[in-house]
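S.K.: quick one: sequence plus predicted model below, questions after.
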2 protein chains.
Amino acid sequence: MTQAILESYRRQIESGLLRSLDGEAPLRSVLRYHVGLEDERGRRTNATGKLLRPSLVLFVTDELVGNPASALPSAVGLELIHGFSLIHDDIQDRDRIRRGRAAVWTLVGVEQAINAGDLMHALAIATALKSSSAAAARLVEATQEMIEGQCRDLEFECTSVSTADYLAMIDQKTGALLRCAFDLGGIAAGVNGRIQVLLNELGQVVGRAFQIKDDILGIWGHDELLGKATDSDIRRRKKTLPVVQLFERIEADDQVTLRRIYDMQDGPEVAEDDVAWVVDRLNELGVRATCETMVQTHLTEAMARLQELPFSDSAASRMRDLIGFLARRET
Amino acid sequence: MTQAILESYRRQIESGLLRSLDGEAPLRSVLRYHVGLEDERGRRTNATGKLLRPSLVLFVTDELVGNPASALPSAVGLELIHGFSLIHDDIQDRDRIRRGRAAVWTLVGVEQAINAGDLMHALAIATALKSSSAAAARLVEATQEMIEGQCRDLEFECTSVSTADYLAMIDQKTGALLRCAFDLGGIAAGVNGRIQVLLNELGQVVGRAFQIKDDILGIWGHDELLGKATDSDIRRRKKTLPVVQLFERIEADDQVTLRRIYDMQDGPEVAEDDVAWVVDRLNELGVRATCETMVQTHLTEAMARLQELPFSDSAASRMRDLIGFLARRET
């Protein structure tokens, strides 16, 4: 299913990405590969993904002032910040596959991948500064918050995590850039007051719905579509929402087993038997349904914010479609 | 020996660093530790080092307009960019000691150290934006160049390197932030034209003198003063200027031995016997003297630029003292 909002701005965003990552300077081809403009041999390819965040920026500005052009550098900067964080995330998580393609560190080594992420971070801000100082400042603030979320997520590996802890973490790790997307759209359109608040809140609830859906797919998604093995979040002991919920709801007898499985002493990966055991307990306790309900709750909140924003009927409808698509997606 | 320029601005810079890294948010204490404001247990300490780059920013603005205040955020931002690059450098080089203290990654692990560097990078730009959009843009440009230099430096591990390659690399890796220091001082003072060019050139030659001196100390420096083992650059097969020169000047018979030692196949560290052999060849061929001469040549060029700049006699003399001090330093 094609999404009008994502398709409308794809060409502009890809051109902007290419302008920011152009040339023969060190690591530029690695960065073009990472964002999906090129394949491993430097040939043009179409693997830039959904481009969700920059599309949201351009959509908001376009709807509010009738032209997205002033927002384009900040939108591209936002996508580059997202891209930089993925390069460093994959090093931290030792993930070898990103969107069905080899992760940067597997191609150039951990050392150069750290540089590649750092360079993309710098290029992101250089690009956003072309929109405005205010846009760059907002993007830097969101970057900071996202990194703090990433830091908490890593800390979760060694501590017990409540649903409240988890939601606070994803509000930073995922929510920061999605709130920023709506905010950057508003900044380029020069909004303030109630509209500014509504945009930020819309980003917040969309961010939650998006991440919780991601967590669901990380356990019950399909390998071919995701471009990575399902169950992988369990195998890697990621404390995503389903597992956090499981810890809160599992019977006392099974607590011991669950704790043993999530105890890092057992080595880097959970054994196949244990993965199956965790999936069985999740299914028994209906955790997937609870998580899907949380996605729906946030969607409903998103729709309420959307009604209050001064978007045309057609724009509101395209945005509803997009939000629904994110919540129902299979990859 | 105290340096007037470094001492004049120390208090302001440390206060600025503390403002940028204040609070209990994730990783903040790690960042305060890294810049030397706190020890490992969060107690206030005095380990902020020379603060060379931000002192240069403030000195230039102070001399040109009589007040350094407008440059302070950009100066602090520059020091934070330097700090972020050191956190990531130490991960890449597996250096356990930084200025006589434990490197960040040895305390919090590689994963969180990547985040700590990323966070310091974001906070650096957020801080510099408080000076001006132009200052932030200049700092981001220098950051980009520095990372490209770091990338080339890592590439040097696997290729043969000429003196010209080497100088081009340090102009980026070290020179970028030193040129930026003089430029940021000029930006806050609102200079342009000839003065702007002179400041940039001064940064360039001071950067070279500084890095070549660093390379000399990396082989012939004293352990206690450096806070790290001397010879360490040889043990780690770093292709710094003395070694690059040695490759260019060594006799054909010894080339084979030298190539064997610098061939990474032999494992991560060069054996003690081989380190001694390399030091003997360096001394035999008078490489240290050549490198010291190069430091002097760049110093002379620095002095020429300095005479052309509209600094007071007293300011020019303090700057001459500082440049001389950097060239003669033992740590």
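M.R.: Noted; the coordinates are in hand. Residues are numbered from 1 along each chain as shown, chains lettered A, B, ... in the order given.

S.K.: tell me the centre residue of chain A?
M.R.: A:Thr174 (5.2 Å; CA atoms, centre = their mean).

S.K.: ok, that one - contacts?
M.R.: With contacts taken as CB atoms under 8 Å, 6 or more residues apart in numbering or on different chains, A:Thr174 has the following neighbours: A:149, A:207-208, A:210-211, A:214. The C-beta positions use only the backbone N, C-alpha and C, and glycine is treated the same way.

S.K.: quick check: phi and psi at A:Val295.
M.R.: Taking degrees, to the nearest 10, you get phi -60, psi -50 for the backbone angles of A:Val295.

S.K.: report how many residues lie close to it.
M.R.: Per other CB atoms under 10 Å in any protein chain shown, the neighbour tally for A:Val295 reads 21.

S.K.: show me the contacts for it.
M.R.: For A:Val295, the contact set (CB under 8 Å, 6+ apart) comprises A:209, A:212-213, A:216, A:327.

S.K.: and if you look at A:Ile170?
M.R.: A:149, A:207-208, A:211-212.

S.K.: the residue of the stretch 151-300 of chain A found nearest chain B and B:Ala25, how far apart?
M.R.: Closest approach between the stretch 151-300 of chain A and chain B, counting by CB to the nearest CB: A:Cys151, at 4.3 Å. Between A:Cys151 and B:Ala25 the distance, using CB to CB, to the nearest Å, works out to 9 Å.

S.K.: neighbour count: those two, which is higher?
M.R.: A count of neighbours by other CB under 10 Å puts A:Cys151 above the other of A:Cys151 and B:Ala25, at 24 against 14.

S.K.: secondary structure element for the residue nearest to A:Thr290 when sequence neighbours are not counted?
M.R.: With sequence-adjacent residues excluded and distances taken as CB to CB, 6 or more residues apart in numbering or on different chains, A:Thr290 is closest to A:Gln245, at 6.1 Å. For A:Gln245, the host element (DSSP states H and E) is helix A:241-249.

S.K.: related to what we said a few turns ago, the residue of the stretch 151-300 of chain A closest to chain B is in contact with B:Gln112, isn't it?
M.R.: Yes: the pair A:Cys151 / B:Gln112 is scored as a contact, 6.4 Å apart, by CB atoms under 8 Å.

S.K.: between the two, what contacts are shared?
M.R.: B:Leu27.

S.K.: any idea how far the helix or strand containing A:Thr290 is from the chain center?
M.R.: Per DSSP H and E: A:Thr290 is located in helix A:287-308. Relative to the chain's own centre, helix A:287-308 is displaced by 17 Å; criterion: CA atoms, centre = their mean, to the nearest Å.

S.K.: up against chain B, what does chain A have?
M.R.: A:25-27, A:84-85, A:88, A:91-92, A:111-112, A:114-115, A:117-119, A:121-123, A:125-126, A:129, A:133, A:136-137, A:140-141, A:143-144, A:147-148, A:150-152, A:154-155 (CB under 8 Å from any CB of the partner chain).

S.K.: buried ones among these?
M.R.: A residue is treated as buried here by neighbour count (16 or more other CB atoms under 10 Å in any protein chain shown); on that basis the buried members of the residues of chain A next to chain B are A:26-27, A:84-85, A:88, A:91-92, A:111-112, A:114-115, A:117-119, A:121-123, A:125-126, A:129, A:136-137, A:140-141, A:143-144, A:147-148, A:150-152, A:154.

S.K.: lowest confidence element among the helices and strands of chain A?
M.R.: With mean pLDDT, DSSP states H and E as the measure, the helix or strand of chain A carrying the lowest mean pLDDT is helix A:223-226 (a mean of 59).

S.K.: after that one, which helix or strand is next?
M.R.: Counting by DSSP H and E, the element after helix A:223-226 in chain order, helix or strand, is helix A:232-235.

S.K.: summarise which helices and strands that following helix is packed against.
M.R.: In this structure, helix A:232-235 makes packing contacts with helix A:193-220, helix A:272-284, judged by 3 or more CB pairs under 8 Å, 6 or more residues apart in numbering or on different chains; DSSP states H and E.

S.K.: what comes up buried for that helix?
M.R.: Using 16+ other CB under 10 Å as the burial criterion, the residues of helix A:232-235 that qualify are A:232-235.

S.K.: rebuild the contacts of A:Thr174 as TSV, extending it with pLDDT.
M.R.: Output for these, formatted as TSV (pLDDT from 0 to 100):
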residue	pLDDT
A:Gly149	96
A:Gly207	95
A:Arg208	95
A:Phe210	94
A:Gln211	95
A:Asp214	92
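
S.K.: between these, which is nearest A:Met319?
M.R.: Each of those was scored against A:Met319 by CB to CB, and A:Phe210 proved nearest at 13.9 Å.

S.K.: got the contact list for the closest one?
M.R.: Taking CB under 8 Å, 6+ apart as the definition, contacts of A:Phe210 comprise A:174, A:178, A:326.

S.K.: list phi and psi for the first one.
M.R.: Pointing back at A:Thr174 there. Here is the backbone geometry of A:Thr174 (degrees, to the nearest 10): phi -100, psi -40.

S.K.: also the second one?
M.R.: Recorded main-chain torsions at A:Leu178 are phi -80, psi -40, according to degrees, to the nearest 10.

S.K.: give me the number of residues near it?
M.R.: The burial count assigned to A:Leu178 is 26, neighbours taken as other CB under 10 Å.
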